[in-house]
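> could you work out the structure for the sequence below:
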Amino acid sequence: MASILVSVLIPTYNRAYAIQRAIDSVLSQGCESIEVLVIDDGSKDGTRDLIRQRYGADPRVRYFYKENGGVSSARNLGIRECRGEYVAFLDSDDWWLPGKLALQLAGLSRVPEAGMIWTDMQAVGVDDQVLHPRYLRQMYHTYRYFKTPRDIFSQEFTVRTEALGEVTLYAGDIFPKMAIGNLVHTSTVLLRRERLLKIGFFREDYRSGEDYDFHLRTCKHGPVAFADAVTISYKIGMEDALTAPAYQIHLATHFVETLERTLREDRDRITLPKSLVQDAVANAYSWAGRTYMTDGQLRYARGYFLKSLRTKLWQPRQLLYLTVASLPPKMLALLQSLRKRLIGSE
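Numbering: from 1, shown residues only. Predicted structure coming up:
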C-alpha cells in the first residue's frame with residue numbers, strides 16, 4: 001500500500017469500553033502511513049487514561065480533549081488538526097474489518113475524479129453477533145427508490161484486493177439522487193483532502209442527523225464512488241447511539257430541513273421524475289410526524305402529516321396518522337396502551 005498519509009478521525013464520548021477495538025481496527029489495516037485522531041468530546045469515564053496507557057508511546061495515535069459540544073464539533077476539531085491526504089471517519093463504538101483502507105485507496109486510484117468513496121456495512125448487536133450482514137440498504141431508505149446501484153451511478157468498474165478479492169466499484173455524479181435522501185454511512189467513508197477542503201465542516205447546530213447534510217455537500221462538489229463490499233461492523237441497539245429513539249425527532253427534522261433547502265436552492269440539478277421527488281418529500285414529512293406523535297407532541301405531528309398530504313394527496317396511511325394524531329390525548333393514550341398489550345400477547 002502506498003505510503004500516503006491517511007487520517008482517521010474518531011470522535012468519542014464516554015466510550016472507554018469500546019474505543020480500543022475501534023483504534024486497533026484502524027492500526028491493523030496494514031497502511032504504511034496512518035494517523036488516528038481521537039477527539040474526546042468531554043468524556044468523564046476512563047477514556048483519557050486508556051489512550052495514554054495503551055497508545056501513549058505510539059506516534060500514530062493523537063489524542064485531543066475538548067469540552068462536550070456534540071459529535072459534529074468533535075469531528076470538526078479533527079478536520080482542523082488532521083494532516084493526511086485522505087481523511088476517514090470512524091465512530092468509537094464501530095470497527096473496521098480487514099482490508100477496508102486497501103480497497104478504498106484502490107478504488108480512488110481507479111476513479112481519480114471521485115472525491116469520496118464509501119462501502120456497505122454489517123450491523124452487530126450488543127453482544128457483537130451479526131444481525132444484518134448487509135445493512136446499508138436497510139438503514140438508509142433512499143436505496144428503496146432505486147433497484148440496483150446501476151440506477152444510482154453512471155460508471156461501473158472492478159477492483160481487486162488481497163483481503164476482499166474482486167469488488168464491484170460504482171462511480172459518478174449522484175447529487176440528484178442524494179438530494180432526496182442519504183445513501184452514505186459515515187464510518188465507511190474515505191475522503192480526498194481536496195474534496196474535504198471544498199466541503200468545509202459538519203454543521204454543529206445539528207446534534208444528530210448532521211451526516212446527511214455533510215455527505216450531500218460532498219456529492220454536490222463532484223463525482224463519488226461506492227465499493228460494494230462490507231468493510232465495517234456497525235453497532236446497533238446501544239442506548240448512547242445517536243440513532244437511539246430519544247434522538248429520532250432531531251434526526252427526522254434535520255433531514256426535512258436539509259431536503260427542503262436542497263429542493264429550494266438546487267432544484268435545477270435534480271433531474272429525477274417529479275413523482276419520485278414527491279414520494280421522497282411526503283415520506284420525509286411522514287417520518288417527522290411519526291416521531292412527534294410517538295413523543296406525544298401531537299400539534300407538531302399533525303402539522304407534518306398535513307404537509308405530507310399536501311405534497312401527495314392520496315395517502316390513506318397518512319390520513320390514518322392524521323386522524324389518530326387528532327384524537328383527544330386520553331383516547332390516544334388508551335389506544336397506545338391497547339397496542340402494547342396486543343403486541344405483548346403475541
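
> flag the shaky bits of this protein, pLDDT-wise.
The model of the chain has pLDDT under 70 over residues 1-2, 238-246, 335-336, 338-346.

> what about the strands in it?
Ranges of strands within the chain are 6-12, 34-40, 61-65, 86-89, 95-96, 116-124, 130-132, 155-161, 165-172, 190-192, 224-235, based on DSSP state E.

> parallel or antiparallel, which strands does the second one pair with?
When pairing is defined by DSSP bridges, strand 34-40 lines up against strand 6-12 (parallel), strand 61-65 (parallel).

> and the shortest one, by the same measure?
Strands adjacent to strand 95-96 in the sheet, as given by DSSP bridges, are strand 224-235 (antiparallel).

> can you point out the buried residues in the strand it pairs with?
Residues of strand 224-235 classed as buried: 224-227, 229-235 (neighbour count, 16 or more other Cβ atoms under 10 Å). For every residue, glycine as well, the C-beta is placed using N, CA and C.

> likewise for stretch 311-330?
By neighbour count with 16+ other Cβ under 10 Å, stretch 311-330 contains the buried residues 311-312, 315, 318, 321-322, 324-325.

> who touches that stretch?
278-279, 281-282, 285-286, 289-290, 293, 296, 298, 301-302, 305-306, 308-309, 332, 335 (Cβ atoms under 8 Å, 6 or more residues apart in numbering).

> from the centroid of the protein, which residue is nearest?
Nearest to the geometric centre of the chain sits residue 185, at 3.6 Å (Cα atoms, centre = their mean).

> contacts only, for that one.
118, 121, 136, 139-140, 211, 232, 234.

> repeat the analysis, applying 6 Å as the threshold.
Contacts for residue 185 (Cβ atoms under 6 Å, 6 or more residues apart in numbering) come out as residue 121.

> what's the biggest helix in the chain, counting residues?
For the chain, the helix with the greatest residue count under DSSP state H is helix 274-294.

> and that helix, C-alpha only, in CSV?
Output of helix 274-294 as CSV, limited to C-alpha atoms (Å, rounded to 0.1, in the frame of the first residue of the first chain):
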residue,chain,number,x,y,z
LYS,A,274,-41.5,14.6,-10.3
SER,A,275,-43.4,11.7,-8.8
LEU,A,276,-40.2,10.3,-7.2
VAL,A,277,-39.4,13.6,-5.6
GLN,A,278,-42.9,13.9,-4.3
ASP,A,279,-42.8,10.5,-2.8
ALA,A,280,-39.5,11.3,-1.1
VAL,A,281,-40.7,14.6,0.4
ALA,A,282,-44.0,13.1,1.5
ASN,A,283,-42.2,10.2,3.2
ALA,A,284,-39.8,12.7,5.0
TYR,A,285,-42.7,14.7,6.4
SER,A,286,-44.4,11.5,7.5
TRP,A,287,-41.3,10.3,9.3
ALA,A,288,-41.1,13.6,11.2
GLY,A,289,-44.8,13.4,12.0
ARG,A,290,-44.5,9.9,13.4
THR,A,291,-41.5,10.8,15.6
TYR,A,292,-43.5,13.7,17.1
MET,A,293,-46.6,11.5,17.6
THR,A,294,-44.5,8.9,19.4
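
> summarise which helices and strands it is packed against.
helix 248-265, helix 298-311 (3 or more Cβ pairs under 6 Å, 6 or more residues apart in numbering; DSSP states H and E).

> mind checking how far the first one is from the chain centre?
By that I understand helix 248-265. 14 Å (Cα atoms, centre = their mean, to the nearest Å).

> can you list contacts of that helix?
When contacts are defined by Cβ under 6 Å, 6+ apart, helix 248-265 is touched by residues 179, 206, 208-209, 212-213, 284, 287-288, 291.

> now for those: which two are most distant?
Greatest spatial distance among the contacts of helix 248-265 (Cβ to Cβ): 179 and 291, at 21.8 Å.

> which of the contacts of helix 248-265 lies closest to residue 46?
residue 208 (25.3 Å).
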